[in-house]
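> here is a sequence with its predicted model. Questions after.
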Amino acid sequence: MRVHFIAIGGSAMHNLALALHQKGYTVTGSDDEIFDPAKTRLANAGLLPDKEGWYPERITKELDAVVLGMHARIDNPELLRAQELGLKIYSYPEYLYEQSKDKLRIVVGGSHGKTTTTAMILHVLAHCGIEADYMVGAQLKGFDVMVRLSHTAKVMVIEGDEYLTSPIDRMPKFHLYKPNVAIITGIEWDHINVFPTFDIYKEQFAKYVDLIEEGGTLIYCDDDKEVHDVALHNKRTDIAKLPYDVPEYKVTDGITYLTGYDTPVALNIFGRHNLLNLTAARYACSEIGIRDDQFNEAISSFGGASKRLELVKKNDSCAVYKDFAHAPSKLRATIHAMREQYPDRRLVACMELHTFSSLTQEFLQQYRNTMNEADVRCVYFSQHALQLKKLPPLDPEAVREAFGGDVKVFTDSKEMIDFVITLFRNNDSPSNLLMMSSGNFDGIDFAILADEILKQ
């Protein structure tokens, strides 16, 4: 098979290219800019284009498929050439379905918790010796790539993103996967640039349920009002519906234990939202025959997905964590998890407004009181990010008022970091730092920051 990638440098796209290369396909690609880690990983596999840019002459009738990335525009010269030749053009999710249509597909959907739940399922399957293909949205420990496609696996686990499929297909990605087992972890308005009202956004999840294969299973978070509503109003009788909630647990000496079993199960993760994700993963694994005792043994060694309440460094009186939290409910849940796990420590929480939605004046109101459980609350945003997203300027005072409470707002990341370091330098009591963003606070090195904090 010969497959060409238009916009091969994207995070998802280059991982799919690597997966097909490992499967034995002939892979080529183009892009107008490619950055690390994609650049190095493609180069190591011999897949890095010899020069950047778009070259229609690379598109020939010999290609079996063209995969189109979201980064490409509808007037991309390579896309136009492929259309002219009548080649089969796939979006990224379309091609994943093409590769998995003969497998049992477990699809993890939801506004938050997708990556962690997917990672948990994969961790358990690997521990139990069950071969699986997968697509996950973050690099996982023990997995070389974010996409695996094989000739032999009978199961595929897919992180089901609700964002758009491609420049020429405005359908949400997870509408294309046709799951046998579908999970919904939570529903909270996001991607305001694509789904201008909450009702439109929520409707995408109702359609996702409608697309479950006949005889399939819906696993849904009954703790989430909106998810409960979607499941309740769905009239399908040809699928099983399995609601889940927070399992029994306790926190002792900074360790979270599952307590609903003969022997308490010690975990490396913590937080109510992670326990919900764990239960969704348990139900999904049960669908393919994994027993509770097997699941418990496996999950006890799960250390979390990258940037999902990820410990950077710690000592006896301080811990520095980073997290992908950016949506309002995830912000609240992550801060609550830190407060519950370390009830006697002061908590300094910093978050970055980075996504299109979070930088929109209308959406900002969703963040009210989400950081109240932290002792010190900092919010950072970049005026440059607003310019890149072609959004109007934000007034820091308006951001402070939107969050409510005593929130300190920064537009210079260095000023925020200096403020945080000073807080720890002038404090002798046990304290933790939590850094939350879907970006990186303009390139902060979290390890260096943690060293500065811990030496105070």
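Arrived safely.

> longest strand in the chain, by residue count?
Assignment by DSSP state E gives strand 346-353 as the longest strand of the chain.

> what helices or strands is that one leaning on?
Applying 3 or more C-beta pairs under 8 Å, 6 or more residues apart in numbering; DSSP states H and E, one finds that strand 346-353 contacts helix 328-341, strand 376-381, helix 413-425, strand 431-436. Bear in mind the C-beta positions are built from the backbone N, C-alpha and C, glycine included.

> please repeat the previous calculation with a cut-off of 6 Å.
The elements that strand 346-353 packs onto, with contact taken as 3 or more C-beta pairs under 6 Å, 6 or more residues apart in numbering; DSSP states H and E, are strand 376-381, strand 431-436.

> run the chain-centre distance for the next helix or strand after the last one.
Meaning strand 431-436. Sequence order places helix 446-454 as the next helix or strand after strand 431-436, per DSSP states H and E. The chain centroid and the centroid of helix 446-454 are separated by 25 Å under C-alpha atoms, centre = their mean, to the nearest Å.

> for helix 446-454, which residues meet the burial criterion?
The neighbour-count check on helix 446-454 (16 or more other C-beta atoms under 10 Å) flags Phe446, Leu449, Ala450, Ile453, Leu454 as buried.

> tell me who's in contact with the third one.
So that's Ala450. Shown in contact with Ala450 (C-beta atoms under 6 Å, 6 or more residues apart in numbering): Val312, Lys313, Val320.

> and those residues, which are buried?
Among the contacts of Ala450, the ones that count as buried by 16+ other C-beta under 10 Å are Val312, Val320.

> columns secondary structure, pLDDT and distance to Gly142 on top of the contacts of Ala450, output as JSON lines?
Formatted as JSON lines, the contacts of Ala450 follow (DSSP: H, G, I helix; E, B strand; the rest coil; pLDDT from 0 to 100; distance: C-beta to C-beta, whole Å):
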{"residue": "Val312", "secondary structure": "strand", "pLDDT": "95", "distance to Gly142": "20"}
{"residue": "Lys313", "secondary structure": "strand", "pLDDT": "95", "distance to Gly142": "21"}
{"residue": "Val320", "secondary structure": "strand", "pLDDT": "96", "distance to Gly142": "24"}
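
> and of the contacts of Ala450, the nearest to Asn432?
For the contacts of Ala450, the minimum distance to Asn432 (C-beta to C-beta) is 7.3 Å, reached by Val320.

> residues touching that closest one, list them.
Val320 neighbours (C-beta under 6 Å, 6+ apart): Val312, Lys313, Leu433, Ala450, Ile453.

> try Leu364
Ala402.

> quickly note the distance from it to Ala402.
Separation of Leu364 from Ala402 (C-beta to C-beta, to the nearest Å): 4 Å.

> now Thr360
From Thr360 to Ala402 the distance is 11 Å (C-beta to C-beta).

> for stretch 231-244, buried residues please.
Applying a neighbour-count criterion of 16+ other C-beta under 10 Å, one finds Ala231, Asn234, Ile239, Lys241, Leu242, Tyr244 buried in stretch 231-244.

> out of these, which sit inside helices?
In helices, judged by DSSP state H, the following of the buried residues of stretch 231-244 are found: Ala231.
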